[in-house]
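A.B. asks: My questions concern the predicted model and sequence given below.
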Amino acid sequence: MKYCSECAAAVTLTIPAGDNRPRFVCTNCGTIHYQNPKMVLGSMPVWERDGELKVLLCKRAIEPRHGYWTLPAGFMENGETTAQAAIRETEEEAGANIELGKLFSMLNVVRVQQVHMFYLATLLDLDFAPGIESLDVQLFSEAEIPWDDLAFPTIRATLELFFAERARMREAGSRDDYGFHEHDIHRAMRSDDAT
(Lines give C-alpha, C1' and ligand atoms only; values in the text may rest on other atoms or scores of the structure.)
Protein backbone atom coordinates (compact mmCIF):
# COMPACT_ATOMS: atom_id res chain seq x y z
CA MET A 1 0.00 0.00 0.00
CA LYS A 2 1.36 3.42 -0.97
CA TYR A 3 -1.44 5.92 -0.46
CA CYS A 4 -4.21 6.54 2.06
CA SER A 5 -7.72 5.73 0.83
CA GLU A 6 -9.10 8.54 3.02
CA CYS A 7 -6.95 11.52 1.93
CA ALA A 8 -4.55 10.17 -0.76
CA ALA A 9 -1.43 11.10 1.22
CA ALA A 10 1.50 8.70 1.50
CA VAL A 11 1.37 5.91 4.06
CA THR A 12 4.20 4.42 6.07
CA LEU A 13 4.55 0.97 7.58
CA THR A 14 4.85 1.38 11.34
CA ILE A 15 3.58 -0.07 14.60
CA PRO A 16 0.86 2.31 15.84
CA ALA A 17 0.73 3.26 19.51
CA GLY A 18 -1.04 0.55 21.49
CA ASP A 19 -0.67 -2.02 18.70
CA ASN A 20 1.76 -4.93 18.37
CA ARG A 21 2.31 -5.31 14.63
CA PRO A 22 3.19 -3.15 11.63
CA ARG A 23 0.28 -1.37 9.91
CA PHE A 24 0.04 1.08 7.05
CA VAL A 25 -0.55 4.48 8.67
CA CYS A 26 -1.32 7.71 6.82
CA THR A 27 1.40 10.34 7.30
CA ASN A 28 -1.23 13.10 6.88
CA CYS A 29 -4.52 12.15 8.56
CA GLY A 30 -3.27 9.32 10.78
CA THR A 31 -5.74 6.72 9.47
CA ILE A 32 -4.60 3.19 10.28
CA HIS A 33 -5.24 0.81 7.38
CA TYR A 34 -5.84 -2.65 8.78
CA GLN A 35 -5.36 -5.61 6.48
CA ASN A 36 -7.17 -8.76 7.54
CA PRO A 37 -7.44 -12.28 6.13
CA LYS A 38 -9.86 -12.90 3.29
CA MET A 39 -12.68 -15.41 3.66
CA VAL A 40 -13.14 -18.04 0.95
CA LEU A 41 -16.52 -19.78 1.11
CA GLY A 42 -17.71 -22.80 -0.79
CA SER A 43 -19.73 -25.96 -0.75
CA MET A 44 -19.27 -29.67 -1.28
CA PRO A 45 -22.31 -30.53 -3.42
CA VAL A 46 -23.11 -34.24 -3.36
CA TRP A 47 -25.54 -36.43 -5.30
CA GLU A 48 -26.42 -39.82 -3.86
CA ARG A 49 -28.59 -42.41 -5.58
CA ASP A 50 -28.81 -46.17 -5.13
CA GLY A 51 -25.97 -46.16 -2.60
CA GLU A 52 -23.54 -44.32 -4.90
CA LEU A 53 -22.32 -40.90 -3.80
CA LYS A 54 -20.68 -38.39 -6.13
CA VAL A 55 -19.21 -34.93 -5.48
CA LEU A 56 -19.55 -32.00 -7.89
CA LEU A 57 -16.24 -30.43 -8.93
CA CYS A 58 -15.47 -27.47 -11.20
CA LYS A 59 -12.51 -27.18 -13.58
CA ARG A 60 -11.08 -23.67 -13.17
CA ALA A 61 -11.20 -21.28 -16.13
CA ILE A 62 -9.20 -18.61 -14.27
CA GLU A 63 -5.86 -18.23 -12.55
CA PRO A 64 -4.54 -19.24 -10.17
CA ARG A 65 -4.58 -22.92 -11.09
CA HIS A 66 -6.33 -22.63 -14.46
CA GLY A 67 -7.42 -26.08 -15.67
CA TYR A 68 -7.33 -27.71 -12.23
CA TRP A 69 -10.34 -29.07 -10.33
CA THR A 70 -11.90 -27.46 -7.28
CA LEU A 71 -15.02 -27.40 -5.18
CA PRO A 72 -17.19 -24.38 -6.04
CA ALA A 73 -15.86 -21.58 -3.84
CA GLY A 74 -14.73 -17.97 -3.85
CA PHE A 75 -14.25 -14.82 -1.84
CA MET A 76 -17.04 -13.75 0.47
CA GLU A 77 -18.61 -10.39 -0.39
CA ASN A 78 -19.58 -7.62 2.01
CA GLY A 79 -23.21 -7.79 3.03
CA GLU A 80 -23.59 -11.56 2.89
CA THR A 81 -23.43 -14.36 5.41
CA THR A 82 -21.04 -17.29 5.05
CA ALA A 83 -23.97 -19.49 3.98
CA GLN A 84 -25.13 -16.96 1.38
CA ALA A 85 -21.58 -16.75 0.00
CA ALA A 86 -21.33 -20.54 -0.31
CA ILE A 87 -24.65 -20.75 -2.15
CA ARG A 88 -23.80 -17.82 -4.45
CA GLU A 89 -20.40 -19.26 -5.36
CA THR A 90 -21.97 -22.66 -6.10
CA GLU A 91 -24.55 -21.04 -8.38
CA GLU A 92 -21.93 -18.84 -10.10
CA GLU A 93 -19.28 -21.50 -10.70
CA ALA A 94 -21.38 -24.63 -11.20
CA GLY A 95 -24.88 -23.39 -12.01
CA ALA A 96 -26.02 -25.86 -9.36
CA ASN A 97 -29.14 -25.85 -7.21
CA ILE A 98 -28.25 -26.96 -3.70
CA GLU A 99 -29.66 -27.39 -0.25
CA LEU A 100 -26.95 -26.17 2.09
CA GLY A 101 -26.09 -28.34 5.06
CA LYS A 102 -23.85 -27.65 8.02
CA LEU A 103 -20.36 -26.20 7.98
CA PHE A 104 -17.93 -29.06 7.43
CA SER A 105 -14.41 -27.62 7.29
CA MET A 106 -12.52 -24.47 8.16
CA LEU A 107 -8.95 -24.31 6.91
CA ASN A 108 -6.50 -21.58 7.87
CA VAL A 109 -4.09 -20.75 5.05
CA VAL A 110 -1.87 -18.29 6.88
CA ARG A 111 0.80 -18.00 4.17
CA VAL A 112 -1.75 -16.33 1.84
CA GLN A 113 -3.82 -14.66 4.61
CA GLN A 114 -7.00 -16.62 3.89
CA VAL A 115 -9.54 -18.76 5.72
CA HIS A 116 -11.37 -21.35 3.58
CA MET A 117 -14.73 -22.73 4.76
CA PHE A 118 -16.79 -25.45 3.09
CA TYR A 119 -20.39 -26.38 3.77
CA LEU A 120 -21.91 -29.78 3.09
CA ALA A 121 -24.55 -29.48 0.37
CA THR A 122 -27.03 -31.71 -1.42
CA LEU A 123 -27.66 -31.26 -5.13
CA LEU A 124 -31.38 -30.78 -5.68
CA ASP A 125 -31.18 -31.88 -9.33
CA LEU A 126 -28.66 -32.63 -12.06
CA ASP A 127 -29.25 -29.34 -13.84
CA PHE A 128 -25.75 -27.84 -13.53
CA ALA A 129 -23.38 -26.19 -16.00
CA PRO A 130 -20.08 -24.31 -15.95
CA GLY A 131 -20.22 -20.63 -15.04
CA ILE A 132 -17.82 -18.07 -16.50
CA GLU A 133 -15.07 -19.07 -14.04
CA SER A 134 -15.34 -22.79 -14.87
CA LEU A 135 -14.30 -24.78 -17.94
CA ASP A 136 -16.26 -27.86 -16.90
CA VAL A 137 -18.41 -29.20 -14.08
CA GLN A 138 -18.65 -32.93 -13.34
CA LEU A 139 -19.77 -35.41 -10.72
CA PHE A 140 -17.05 -37.73 -9.36
CA SER A 141 -17.14 -40.76 -7.12
CA GLU A 142 -14.28 -41.04 -4.63
CA ALA A 143 -12.39 -43.34 -7.00
CA GLU A 144 -12.91 -41.00 -9.96
CA ILE A 145 -11.73 -37.76 -8.31
CA PRO A 146 -8.70 -36.35 -10.18
CA TRP A 147 -6.57 -36.27 -7.02
CA ASP A 148 -3.40 -35.22 -8.88
CA ASP A 149 -5.22 -32.35 -10.59
CA LEU A 150 -6.89 -30.68 -7.62
CA ALA A 151 -6.34 -26.93 -7.53
CA PHE A 152 -5.52 -26.26 -3.89
CA PRO A 153 -4.43 -28.08 -0.71
CA THR A 154 -7.66 -26.95 0.98
CA ILE A 155 -9.71 -28.82 -1.62
CA ARG A 156 -7.72 -32.01 -1.17
CA ALA A 157 -7.92 -31.75 2.63
CA THR A 158 -11.68 -31.18 2.60
CA LEU A 159 -12.34 -34.08 0.23
CA GLU A 160 -10.05 -36.42 2.19
CA LEU A 161 -11.80 -35.49 5.44
CA PHE A 162 -15.21 -36.00 3.84
CA PHE A 163 -14.46 -39.46 2.49
CA ALA A 164 -12.79 -40.48 5.78
CA GLU A 165 -15.99 -39.42 7.58
CA ARG A 166 -18.09 -41.43 5.11
CA ALA A 167 -15.98 -44.53 5.77
CA ARG A 168 -16.26 -44.01 9.53
CA MET A 169 -20.03 -43.67 9.31
CA ARG A 170 -20.35 -46.82 7.16
CA GLU A 171 -18.33 -48.79 9.70
CA ALA A 172 -20.45 -47.45 12.56
CA GLY A 173 -23.69 -47.99 10.65
CA SER A 174 -24.69 -44.32 11.02
CA ARG A 175 -25.76 -41.67 8.49
CA ASP A 176 -25.35 -37.92 8.31
CA ASP A 177 -23.23 -37.72 11.43
CA TYR A 178 -20.54 -35.49 9.95
CA GLY A 179 -18.25 -33.68 12.32
CA PHE A 180 -16.69 -30.24 11.97
CA HIS A 181 -13.03 -30.07 10.95
CA GLU A 182 -10.58 -27.24 11.57
CA HIS A 183 -7.07 -27.45 10.15
CA ASP A 184 -4.09 -25.29 9.33
CA ILE A 185 -2.71 -25.73 5.83
CA HIS A 186 1.03 -25.21 5.71
CA ARG A 187 1.98 -26.85 2.44
CA ALA A 188 2.16 -24.82 -0.73
CA MET A 189 0.93 -25.81 -4.14
CA ARG A 190 3.47 -27.70 -6.18
CA SER A 191 6.36 -25.35 -6.95
CA ASP A 192 5.95 -25.78 -10.71
CA ASP A 193 2.35 -24.54 -10.46
CA ALA A 194 2.65 -21.76 -7.88
CA THR A 195 1.83 -18.26 -9.04
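C.D. replies: Nice, I can see it. Numbering: from 1, shown residues only.
A.B. asks: Would you mind listing where this protein has pLDDT under the threshold?
C.D. replies: For the chain, the stretches flagged by pLDDT under 70 are 188-195.
A.B. asks: Just the strands from it, written as ranges.
C.D. replies: 11-14, 23-26, 32-33, 38-49, 52-60, 69-70, 73-75, 98-109, 114-123, 134-140, 181-184 (DSSP state E).
A.B. asks: I'd like to know which elements the last one is packed against.
C.D. replies: To tie it back to what came earlier, the one meant is strand 181-184. strand 98-109, helix 153-172 (3 or more Cβ pairs under 8 Å, 6 or more residues apart in numbering; DSSP states H and E). Where you see a C-beta, it was placed from the backbone N, CA and C, and this is true even at glycine.
A.B. asks: okay, the angle between the last one and strand 52-60?
C.D. replies: Put simply, helix 153-172 runs at 180 degrees to strand 52-60, going by axes from the mean of the first three to the mean of the last three Cα atoms, to 10 degrees.
A.B. asks: contact partners of helix 153-172?
C.D. replies: 40, 44, 53, 55, 69-71, 104-105, 107, 109, 116, 118, 142, 145, 147, 150, 175-179, 181, 183, 185, 187-189 (Cβ atoms under 8 Å, 6 or more residues apart in numbering).
A.B. asks: again with stretch 119-136
C.D. replies: By Cβ under 8 Å, 6+ apart, the surrounding residues in contact with stretch 119-136 are 41-47, 56, 58-62, 67, 72, 74, 82-83, 86, 90-104, 137, 139, 178.
A.B. asks: Could you pull up the residues touching the residue sitting furthest away from the middle of the chain?
C.D. replies: The C-alpha centroid of the chain is most remote from Asn28, which lies 37.8 Å away (Cα atoms, centre = their mean). Listed by Cβ under 8 Å, 6+ apart, the contact set of Asn28 reads Cys4, Cys7, Ala9, Ala10.
A.B. asks: And the first one, how far from Pro22?
C.D. replies: Looking back up the chat, that one is Cys4. From Cys4 across to Pro22, the span is 16 Å (Cβ to Cβ, to the nearest Å).
A.B. asks: Might you report the residue contacts of Leu139?
C.D. replies: Shown in contact with Leu139 (Cβ under 8 Å, 6+ apart): Trp47, Lys54, Val55, Leu56, Leu57, Leu126.
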